[in-house]
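Novice: I need the structure of the sequence given here:
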Amino acid sequence: MNAEQIKNVAEHYSTRLVRRRRHDDSTYVTFRDPSSTTDDLGLTAHKAVDGPDPRFPDDWVFERLAVALDALVDADGDVEAARDSISDTEPFMYYEDAFRWIGKNTYNQALVEEVAEEYGTDFGHSFSGNVTAIANVAAANATVRIMNAFVGFIDN
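Specialist: Numbers count the residues shown, from 1 in each chain. Below you'll find the model as predicted:
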């Protein structure tokens, strides 16, 4: 699939994602008109992050799917440019959010452990700063995985 086709399909799915509000005022991202195809895409995104036994559905994974699709659209379907954009800008969590995200479930903890094993744990900050930096890299890596899984999904 060429870049223009990737952009068009990413844009199609991106426009089908909507933000909704729960009774407790929290928000989440979901597909406007669910179908077997969007269900398959959602499961593909979850498996890209979590492996064969994913947390499904998870608000955070759907948020990252929206970011991945938007990055592909903004990069005109250029996968490498979208990957660089995600790695350079997404996401940015502060200390409290990073610790909350890590503690939310073992899937997030595993993502953080992967980054720590690959890059080490000293990013030149305080303990909290290092943990936050690792969490941000882990979240960006997960978003790139989702983007790559989407490209594979639409190629099939």
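Novice: shouldn't residue 11 be in contact with residue 74?
Specialist: No - counting by CB atoms under 8 Å, residue 11 does not reach residue 74; the two are 10.1 Å apart. C-beta coordinates here come from the backbone N, C-alpha and C atoms, glycine included.
Novice: the biggest helix by length in the chain - contacts with which helices or strands?
Specialist: Counting by DSSP state H, the longest helix found in the chain is helix 127-155. On a contact count with 3 or more CB pairs under 8 Å, 6 or more residues apart in numbering; DSSP states H and E, helix 127-155 meets helix 3-16, helix 36-50, helix 59-74, helix 79-89, helix 95-104, helix 106-119.
Novice: between the ones you listed, which one is nearest to residue 136?
Specialist: In terms of CB to CB, the element of these nearest to residue 136 is helix 95-104, at 6.9 Å.
Novice: any idea of the mean pLDDT for the closest one?
Specialist: Throughout helix 95-104, pLDDT has a mean value of 89.
Novice: who touches the lowest-mean-pLDDT helix or strand in the chain?
Specialist: When the helices and strands of the chain are scored by mean pLDDT, DSSP states H and E, helix 95-104 comes last with a mean of 89. Outside helix 95-104, the residues within contact range by CB atoms under 8 Å, 6 or more residues apart in numbering are 60, 93, 108-109, 112, 128-129, 131-132, 135-136, 139.
Novice: closest one of these to residue 78?
Specialist: Nearest member of the contacts of helix 95-104 to residue 78, counting by CB to CB, is residue 139, at 21.8 Å.
Novice: that closest one and residue 114 touch, don't they?
Specialist: No - between residue 139 and residue 114 there is no contact under CB under 8 Å: 11.6 Å.
Novice: neighbour-wise, which of these two wins?
Specialist: The neighbour count for residue 139 versus residue 114, taken as other CB atoms under 10 Å, is higher for residue 139 (27 against 15).
Novice: and residue 1, how far is that from residue 134?
Specialist: Applying CB to CB, to the nearest Å, the value for residue 1 to residue 134 is 33 Å.
Novice: neighbour count: those two, which is higher?
Specialist: Using other CB under 10 Å, the more surrounded residue of residue 1 and residue 134 is residue 134, with 24 against 13.
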